[in-house]
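Undergrad: Sequence plus predicted model, see below.
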Amino acid sequence: MTDQLTAPPTVEASPASWWRNAVIYQIYPRSFADSNGDGIGDLPGILTRLPYLRDLGVDAVWLSPFYASPQADAGYDVSDYRTVDPIFGTVTDAEKLIAGAHEHGLRVIVDLVPNHSSDQHDWFKRALAEGPGSPFRDRYHFRPGKGENGELPPNDWPSIFGGPAWTRVEDGEWYLHLFAAEQPDFNWEHPAVRDEFKTILRFWLDLGVDGFRVDVAHGLVKEDGLPDVGEHAEWHLLGVGESPCFDRDGVHEIYREWRKILDEYPGERIAVAEAWAPNLARVADYVRADELHQAFNFSYLGTAWDAAAQRRMIDESLAAMRQVGAPTTWTLSNHDVVRHTNRLLQTGEGEVAGRRPTAVDPVAGLRRARAASALMLALPGSAYLYQGEELGLPEVVDLPPEVRQDPAFHRATGQDGYRDGCRVPIPWSGDTAPYGFGPDGGDSWLPQPASWAQLSVAAQTGVPDSTLELYRTALAVRRGNPALAPTDNLRWVPAPDGVLVFERAVEGQPVFRCTVNMSDRPVAVGRPGELLLSSGSLEGTPVDVVLPPDTTAWWSV
Ligand code: GLC
Ligand code: CA
């Protein structure tokens, strides 16, 4: 590491379009590694853990927001887009982290939050201070209220976090916030907003980042006149059905402009959309050739652990992205949903999509999660991992209400509110909390379960059947196997009910085969070839291998 960082080093250019089949690891900075013992993870902490990420075998990291923020929504409420919040470090720390990551062969994607700012952003503070008629009010959505004295919100939109999407200020006007009241929505019809974000993009690109994860990418443009949703009150973040505040055609113009900026920089800088659109075809619109590079595949994330449903979703995902020439992405966990160690065993309305965590048998949950991860990492395209899934961390379902920090937790009607259970700081080593997350005797902003001593990085390293070693093997095979490089070469092989078998081939190379048993009975799969990996122990004989339930195996045929 040098102190002179004038020319940001770039990682070696990979053959073509590094991102198309990249494995991208989401770091949730406050819960990854704490360098100074204040209980909150930080950028210098991440810097010290880069060798771990290199050895894990991921291609890139995505960092959730570390910008200046009052932390009303864990940093998704940004008060200054060009600086680092002191709890996470400084801009110099960010530069060191980017340079350090590049030295370790890792690319860096940062979060960008364009739908809303913090209510402590300068523009919003001026909008409030200057009162009705202030030009700064036009950069947000300020409106008079309805009712005789303007005492009713301007329309019927609910906030994603519960309650109305409008808050009234002292002078009587209301402002729009699709999320918490501390997160006022920008007015993207205003040229100053558009210009501001172009310069924010350049600020971080100049600093050397390899891309952006675009928060609420489907929300920036609202329907003209902000019409009531009326009978469609069921619309929400998941993008079920048409909504006047999500997935409007006008957002695409913004991304076309951003793409031009990204393309000005060397080394294929990318953007990935968090776009909860009603269907995969609408998601694909965000990744047309002149727009963003990737979009999260939440349809896949929300699919139940059922062979027919999974196969259908895999086919639909590949087909939708094929239409626009974009790679498919796959993800099972992130900082907003119940960890897939729990989620895939949960059944019932809303649970598969990951909203409400419930306790599950941890052994069964882990077995299924490992099978699912091995399936996901065998699929063509790009995969997103969430910190701690490589340790098989369960969702923490019993956090006491007084430690919870999800802003939606106390809003009973909120759709989210249970997101702390997947955000508990991860265990690195040792027998007592904070398990190497921070210095001995240090704190952790959410309490870690005692059982996590056995799940730490140190406890799993070198243990052949540990989840960490499963991920390491999977990522090494994925990187080294030519059949796993193309982004659209999946071919299904006939299989019994409840079982998925597919192959991936490239000319002149051994064929890769993935076999997944999603049924509740053991299934014989013969001996397709050389075993590359299995998510659980196999049974049967050397010539007729039996996959136990919830087990995935990779073969070289
Ligand atoms: C996205 C983020 C989530 C945040 C919300 C508001 O959905 O992933 O964590 O609360 O946007 O910014
Ligand atoms: Ca810290």
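TA: That came through, no problem. Ligands and ions are numbered 1, 2, ... in the order given.

Undergrad: Identify the residue spatially nearest to the closest residue to ligand 2 within the stretch 401-550 of the chain, adjacent ones excluded.
TA: With Cβ to the ion as the measure, Gly438 is the residue of the stretch 401-550 of the chain nearest to ligand 2, at 6.7 Å. Backbone N, C-alpha and C define where each C-beta goes, glycine included. Residue nearest to Gly438 in three dimensions, not counting chain neighbours: Asp34, with 3.3 Å by Cβ to Cβ, 6 or more residues apart in numbering.

Undergrad: wait, that neighbour sits on Tyr435?
TA: No. Contact criterion Cβ atoms under 8 Å: Asp34 and Tyr435 do not qualify, at 11.1 Å.

Undergrad: circling back: what about the residue nearest to Gly438, how many neighbours?
TA: For Asp34, the neighbour count with other Cβ atoms under 10 Å is 26.

Undergrad: That one: what secondary structure?
TA: The local conformation at Asp34, judged by DSSP: H, G, I helix; E, B strand; the rest coil, is coil.

Undergrad: and if you look at Glu257?
TA: Glu257 falls in the helix class when you classify it by three-state DSSP.

Undergrad: where are the low-confidence patches of this protein?
TA: Scanning the chain for pLDDT under 70 picks out the ranges 1-16, 231-240, 347-355, 411-417.

Undergrad: Distance of the residue lying farthest from the centre of it relative to ligand 2?
TA: Distance from the centre of the chain peaks at Glu148, with 44.1 Å (Cα atoms, centre = their mean). Relative to ligand 2, Glu148 is positioned 51 Å away (Cβ to the ion, to the nearest Å).

Undergrad: ok, now Lys125?
TA: Taken as Cβ to the ion, the span from Lys125 to ligand 2 is 27 Å.

Undergrad: What about the residue of the stretch 201-350 of the chain found nearest ligand 2, how many residues nearby?
TA: Closest contact between the stretch 201-350 of the chain and ligand 2, by Cβ to the ion, is at His335 (17.7 Å). His335 has 18 neighbours, counted by other Cβ under 10 Å.

Undergrad: same deal with Val523?
TA: Using other Cβ under 10 Å, Val523 has 22 neighbouring residues.

Undergrad: Wait, it touches Val499, no?
TA: Yes. Using Cβ under 8 Å, Val523 is in contact with Val499, at 5.3 Å.

Undergrad: Spell out which residues are contacts of both of those two.
TA: 517, 547 (Cβ atoms under 8 Å, 6 or more residues apart in numbering).

Undergrad: if I pick whichever residue of the stretch 251-400 of the chain sits closest to ligand 2, what's in contact with it?
TA: Residue of the stretch 251-400 of the chain nearest ligand 2, by Cβ to the ion: Gln387 (15.8 Å). By Cβ under 8 Å, 6+ apart, Gln387 lies in contact with 25-28, 31-32, 426.

Undergrad: Write out the residues of this structure neighbouring ligand 2.
TA: By Cβ under 5 Å from the ion, the residues of the chain that approach ligand 2 are 34, 36, 38, 40, 42.

Undergrad: Looks to me like the fourth one is in a helix.
TA: No. For Ile40, which was evaluated using three-state DSSP, the result is coil, with no helix membership.

Undergrad: Count the residues that sit near it.
TA: Around Ile40 there are 23 residues (other Cβ under 10 Å).

Undergrad: just the third one next, same as before
TA: Burial of Asp38 is recorded as 15 neighbouring residues (other Cβ under 10 Å).

Undergrad: ok, now the last one?
TA: Neighbourhood size, Asp42 [other Cβ under 10 Å]: 24.

Undergrad: Likewise for the second one?
TA: Here the count is done by other Cβ under 10 Å, and Asn36 has 14 residues near it.

Undergrad: Grab the nearest non-local neighbour of it.
TA: Asp42 (6.8 Å).

Undergrad: Show the backbone phi and psi for that neighbour.
TA: Dihedral angles of Asp42 (phi, psi; degrees, to the nearest 10) stand at phi -150, psi 170.

Undergrad: Verify the contact between it and Asp85 for me.
TA: No. Applying Cβ under 8 Å as the test, Asp42 and Asp85 come out as separate, 9.3 Å apart.

Undergrad: so where do the strands sit in the stretch 1-150 of the chain?
TA: Ranges of strands within the stretch 1-150 of the chain are 23-27, 60-63, 67-68, 80-84, 107-112, 142-143, based on DSSP state E, counting those that start in this stretch.

Undergrad: Mind putting those into a markdown table with distance to Ala180 and mean neighbour count?
TA: Below are the strands of the stretch 1-150 of the chain laid out as a markdown table (distance: least, Cβ to Cβ, whole Å; neighbours: other Cβ atoms under 10 Å):
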| stretch | distance to Ala180 | mean neighbour count |
| --- | --- | --- |
| strand 23-27 | 22 | 24 |
| strand 60-63 | 21 | 24 |
| strand 67-68 | 16 | 22 |
| strand 80-84 | 18 | 18 |
| strand 107-112 | 17 | 24 |
| strand 142-143 | 17 | 20 |
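
Undergrad: closest to ligand 1 out of these?
TA: Smallest distance to ligand 1 across the strands of the stretch 1-150 of the chain (Cβ to the nearest ligand atom): 8.1 Å, for strand 107-112.

Undergrad: Could you list every helix and strand in contact with that closest one?
TA: strand 60-63, helix 91-103, helix 191-206, strand 211-214, strand 270-273 (3 or more Cβ pairs under 8 Å, 6 or more residues apart in numbering; DSSP states H and E).

Undergrad: Okay, now the sheet partners of that strand, with direction.
TA: Applying DSSP bridges, strand 107-112 is found paired with strand 60-63 (parallel), strand 211-214 (parallel).

Undergrad: Smallest gap between the protein and ligand 1, at which residue?
TA: Per Cβ to the nearest ligand atom, Tyr76 is where the chain lies closest to ligand 1, at 3.3 Å.

Undergrad: neighbours around that residue, how many?
TA: Tyr76: 25 surrounding residues under other Cβ under 10 Å.

Undergrad: quick one: it and Asp247, what's the gap?
TA: Look at Tyr76 and Asp247: by Cβ to Cβ, to the nearest Å, they are 19 Å apart.

Undergrad: what does Pro362 give?
TA: According to Cβ to Cβ, Pro362 and Asp247 sit 37 Å apart.

Undergrad: more neighbours, the two?
TA: More neighbours surround Asp247 than the other of Pro362 and Asp247, with 22 against 14 (other Cβ under 10 Å).

Undergrad: pretty sure the more buried one is touching Asn279, no?
TA: No. Between Asp247 and Asn279 there is no contact under Cβ under 8 Å: 9.9 Å.

Undergrad: I'd like the strands paired with strand 107-112 laid out as TSV, including distance to Ala309.
TA: Below are those laid out as TSV (distance: least, Cβ to Cβ, whole Å):
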stretch	distance to Ala309
strand 60-63	27
strand 211-214	27
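
Undergrad: Just tell me which of those ends up closest to Ser537.
TA: Smallest distance to Ser537 across those (Cβ to Cβ): 31.8 Å, for strand 60-63.

Undergrad: so does that closest one get close to ligand 1?
TA: No. Judged by Cβ under 6 Å from any ligand atom, strand 60-63 and ligand 1 are separated, with a smallest distance of 11.0 Å.

Undergrad: Show me the contact partners of that strand.
TA: Applying Cβ under 8 Å, 6+ apart, the contact partners of strand 60-63 are 18-19, 22-27, 29, 46, 53, 101, 106-111, 210-211, 213, 272, 384.
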